[in-house]
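**Student:** coordinates for the following, if possible.
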Amino acid sequence: VATNAAPATAAPAATYHRTAILLSNSGGTFTDASVASLPAASDPDYLQADRVFLRDVAGPALRDSAAAHGRPRPRLVGHALALVTDDPAAARRTGVDRLASYTRYPFYQAMFADAGQPDARDGVVPDGLTDDLVLVGPEERVADGLRRFADAGCDEVILSLLAGSDADTDRTLALLGSLV
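**Tutor:** As a prediction, the model looks like this:
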């Protein structure tokens, strides 16, 4: 999803299973948003870990490597799952189910361990990882979670919408629209 692309018109929640939303950060303010519907069978190509990994591992590695090669630092992209909802417990369970598949792959196990979540493996999703990557609940709670990514130095945040009611999806998209 390109950051300069105009936001697509979102289809009703019943017509797709997954939606990715890319928010661009400029100095702590989200400045652009792009929306893409993903088919149910697709999985994100890349999942960033929590804000500690982004701030303390990925960000400095990008900066140092770029400096060593005389290049500008690549953009730091975070990824989270989100849904504005009045049933955060159910949405959190859905988020944990989505994250569990990543904990089965050695690449993600190593990344989660680097992020301080060494128990994120073999289908286990620790509460701390869930707290950082599954942004659910009322608008303010989801917005606070997004601000943590900006505070961690992310240039962009990819949000995958969790399944919810049409009203939950509408509330989520309205919140994201209010942040850009």
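
**Student:** and the pLDDT at the closest residue to residue 114 other than its chain neighbours?
**Tutor:** Leaving out its chain neighbours, the residue that sits closest to residue 114 by Cβ to Cβ, 6 or more residues apart in numbering is residue 57, at 5.2 Å. No exception for glycine: its C-beta is placed from N, CA and C like everyone else's. Note for residue 57: predicted pLDDT of 71.

**Student:** does residue 57 touch residue 112 like I think?
**Tutor:** No - using Cβ atoms under 8 Å, residue 57 makes no contact with residue 112, being 11.2 Å away.

**Student:** between these two, point out the one with more neighbours.
**Tutor:** residue 112 (26 against 15; other Cβ atoms under 10 Å).

**Student:** separation between that one and residue 145?
**Tutor:** Residue 112 sits 18 Å away from residue 145, taking Cβ to Cβ, to the nearest Å as the criterion.

**Student:** so where's this structure uncertain?
**Tutor:** 1-53 (pLDDT under 70).

**Student:** ok, the most centrally placed residue in the chain - contacts?
**Tutor:** In the chain, the residue lying closest to the centroid (Cα atoms, centre = their mean) is residue 80, at 1.8 Å. By Cβ atoms under 8 Å, 6 or more residues apart in numbering, the contact set of residue 80 is 132-135, 145-146, 149, 157-160.

**Student:** gap between the two ends of stretch 154-164?
**Tutor:** End-to-end distance for stretch 154-164, by Cα to Cα, to the nearest Å: 27 Å.

**Student:** what packs against the helix or strand encompassing residue 92?
**Tutor:** Element membership of residue 92, judged by DSSP states H and E, is helix 88-100. Here helix 88-100 touches strand 77-84, helix 127-133, strand 134-137, going by 3 or more Cβ pairs under 8 Å, 6 or more residues apart in numbering; DSSP states H and E.

**Student:** do I have it right that residue 130 meets residue 94?
**Tutor:** No - using Cβ under 8 Å, residue 130 makes no contact with residue 94, being 11.0 Å away.
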